[in-house]
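In: Have a look at this prediction, sequence included:
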Amino acid sequence: MRHYRVQAPYIAPEQYERIRTCIRRRCVQGPWRKVYVQQLRAKQQAKLASSPSKAAPSSDTIEDEAAKREKAARKADSAQLDKDKELEVLEAKLQELIDQKHAQFKLLKAILMDEKMSSRLPPQP
C-alpha cells in the first residue's frame, strides 16, 4: 500500500481530512469508478426487480414495438431506394459531362494542330 503526503495540512484542515479519506478509500477500493458503476447497476436492478409492471411488458407493447420496427425498416428501404436512384442520376450526369469534356478537348486539339500546321507552312507569295 502506498502512503501519500499532502504538503500543507494546516491551511484547510477540513479539506485535508477529506483528501486523506479519499486517498485511503482509493487505496482500499482500488478501481473506484468500477466499484461506483457496479453499485449503480445494483441499485437499478433492484428497482427493476421491485416493479414487475415495467419488467414484464404486455403483448400489446410488444406488437406496437414490432410495428414500429417494421415501419422504420420500410422507411429505411424507401430512403435507400431514393438514394440509389439519385446516385444513378448523378452518375449519368457525370458521364455526360466527361463525354462533353472529351469532345471539347478534341476540338481544342484540332484547332491547335491547325494553327501549328498553318504556322509551319511558308508564306505564300
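Out: In hand now; what should we look at?

In: longest single helix anywhere in the chain?
Out: Using DSSP state H to define each element, the chain has its longest helix at helix 59-120.

In: taking the mean pLDDT, what do you get for that one?
Out: Taken as a whole, helix 59-120 has a mean pLDDT of 91.

In: helices or strands up against that helix?
Out: Under the contact criterion of 3 or more C-beta pairs under 8 Å, 6 or more residues apart in numbering; DSSP states H and E, the helices and strands touching helix 59-120 comprise an empty set. The C-beta positions use only the backbone N, C-alpha and C, and glycine is treated the same way.

In: Quick check: the most centrally placed residue in the chain vs residue 70, distance?
Out: Taking C-alpha atoms, centre = their mean, the centroid of the chain lies closest to residue 76, which sits 18.0 Å from it. Spatial separation of residue 76 from residue 70 under the definition C-beta to C-beta, to the nearest Å is 11 Å.

In: Residue 106 too?
Out: 54 Å.

In: rewinding a little: next, show the common contact partners of residue 76 and residue 70.
Out: Contact with both residue 76 and residue 70 is made by no residue, according to C-beta atoms under 8 Å, 6 or more residues apart in numbering.

In: got the CA positions of stretch 68-79 in CSV?
Out: As requested, the backbone C-alpha atoms of stretch 68-79 are provided in CSV (Å, rounded to 0.1, in the frame of the first residue of the first chain):
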residue,chain,number,x,y,z
LYS,A,68,-42.7,0.5,-35.2
ARG,A,69,-39.6,-1.5,-36.2
GLU,A,70,-41.3,-2.7,-39.4
LYS,A,71,-42.3,0.9,-40.2
ALA,A,72,-38.8,2.1,-39.6
ALA,A,73,-37.4,-0.7,-41.8
ARG,A,74,-39.8,0.3,-44.6
LYS,A,75,-38.7,4.0,-44.3
ALA,A,76,-35.1,2.9,-44.4
ASP,A,77,-35.7,0.8,-47.5
SER,A,78,-37.5,3.6,-49.3
ALA,A,79,-34.8,6.1,-48.3
